[in-house]
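# could you look at this predicted model? Sequence included:
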Amino acid sequence: MSVELDTNVIIEVVSGAPDVSRRVADLLREQAARSSLVISPIVYAELFAHPAWKPEDVWTS
């Protein structure tokens, strides 16, 4: 079974409050150990729409 990530979860990990980002990242690591994590094409496109991110920021996140 795979888990699809929402745009807001990814943004929280990358640019949220440090303590919350760390906790979300830990939860994602735990989930990734149990199943695969996927990002839909729509979520990927939404990440490119983030006003403060350049395409290379999305590719390396």
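That came through fine.
# what strand or helix carries residue 20?
Residue 20 belongs to helix 18-34 when assigned by DSSP states H and E.
# what sits up against that helix?
The contact list for helix 18-34, computed with CB atoms under 8 Å, 6 or more residues apart in numbering, reads 3, 5, 9, 12-16, 37. C-beta: built from backbone N, CA, C; applies to glycine.
# quick check: the closest residue in space to residue 5 that isn't next to it in sequence vs residue 58, distance?
Sequence neighbours aside, residue 39 is the residue nearest to residue 5 in space, at 5.4 Å (criterion: CB to CB, 6 or more residues apart in numbering). For residue 39, the distance to residue 58 equals 10 Å [CB to CB, to the nearest Å].
# for residue 9, which non-adjacent residue is spatially closest?
Closest residue in space to residue 9, ignoring its immediate chain neighbours: residue 24 at 6.4 Å, by CB to CB, 6+ apart.
# any idea how far the one you found is from residue 56?
23 Å.
# sorry, back to before: most widely separated two among the contacts of helix 18-34?
Spatially, the most separated pair among the contacts of helix 18-34 is 3 and 15, at 21.1 Å (CB to CB).
# just give the closest residue to residue 47, not the sequence neighbours.
Spatial nearest neighbour of residue 47, excluding adjacent residues (CB to CB, 6+ apart): residue 58 at 4.7 Å.
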